[in-house]
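Trainee: Whatever this is, show me its structure:
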Amino acid sequence: MADDATLDEICITAIADGFRGDGEILCNPIGNVPVIAGRLAKATFESAMVMTDTVSVLAANTIPVGDPDAERLVEAWMPYRDLFDIVWSGRRHIVMGASQIDPYGNQNFAAIGDWKKPKAQLLGLRGAPGNLVNNTTSYWIPNHSTRSFVEKVDVVSGPGYDRVSELSGWIQSNHEIRQIVSNLGVLNFSNQEKRMQLVSCHPNVTVEEIIAATGFELLLPDEIKETRIPTKEELKLIREVIDPHGLRKAEFAKK
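Mentor: Numbers count the residues shown, from 1 in each chain. Now for the predicted structure:
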């Protein structure tokens, strides 16, 4: 393990670990940090995954983020319209953001406040409903606070386990929120209660700090680990190949 790993690199490897065992699917992370994580997973332990270049092709090689002129080893053409066939097939793992998320995984990035007259208008529902009923979904939330981890979301963009439990068995069988990675730790959902639980704390973060930054009661299993540190190989890939210009640092500048 590499002792000089920084928080951004620890979060990236935690997001990447969420793709373990996925096999031949479309890895579809959104945003610089998740894209770096997806490319790290494909370059190391999940080589069978496919990823777009974030524009229109599936690329076999590891492309640096933020470089539109980087050479691409093109495996296939995938314009945006073709993505919907993958979405409905279910062979996709997407990493999205969330302005709010609640104990059961209901996610909001549509609006803050009363939806009839919101305090802030955000992205809208976008593709979140379809993602959650068809594809494995994970979340990257760079600012873990009581404003983002809330008892009840203002608008449901992506349904959580409580809402899906009222729907058909087919939808329930295709609904999986695999993990949530924040700037403080890694969380997932209890197999029995389907409530959010703490899995690991990032180095130098305590369980008490995560509890204080969460606006609802987290489940606390008997063993809460420390989030793993990236290996030297992973750090080399992140720093020199995937993100040589340090674009990942932007989300951590004020953390």
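
Trainee: What are the boundaries of the helices in the stretch 101-250 of the chain?
Mentor: Assigned by DSSP state H, counting those that start in this stretch, the stretch 101-250 of the chain shows helices spanning 128-134, 161-164, 169-174, 207-212, 232-236.

Trainee: Name the residues of the shortest one that are buried.
Mentor: Going by neighbour count (16 or more other Cβ atoms under 10 Å), the buried part of helix 161-164 is Tyr161, Val164. C-betas here are computed from N, CA, C, even on glycine.

Trainee: what's next to that helix, contact-wise?
Mentor: Applying Cβ atoms under 8 Å, 6 or more residues apart in numbering, the contact partners of helix 161-164 are 104-106, 132-133, 156, 171-172, 175, 177, 189, 194-195.

Trainee: Buried among those? Need that as a selection in ChimeraX.
Mentor: In ChimeraX, this line selects whichever of these come out buried by 16+ other Cβ under 10 Å:
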select :104,105,106,132,133,156,175,177,189,194,195
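
Trainee: Pick out the lowest-pLDDT one from the contacts of helix 161-164.
Mentor: Ranked by pLDDT, those bottom out at Ile171 (84).

Trainee: What count of nearby residues applies to Glu233?
Mentor: Each residue near Glu233 was counted by other Cβ atoms under 10 Å, and the total is 12.

Trainee: what does Ala48 give?
Mentor: With other Cβ under 10 Å as criterion, Ala48 counts 9.

Trainee: contacting residues for it?
Mentor: Gly23, Glu24.

Trainee: State the distance from it to Phe19.
Mentor: Look at Ala48 and Phe19: by Cβ to Cβ, to the nearest Å, they are 11 Å apart.
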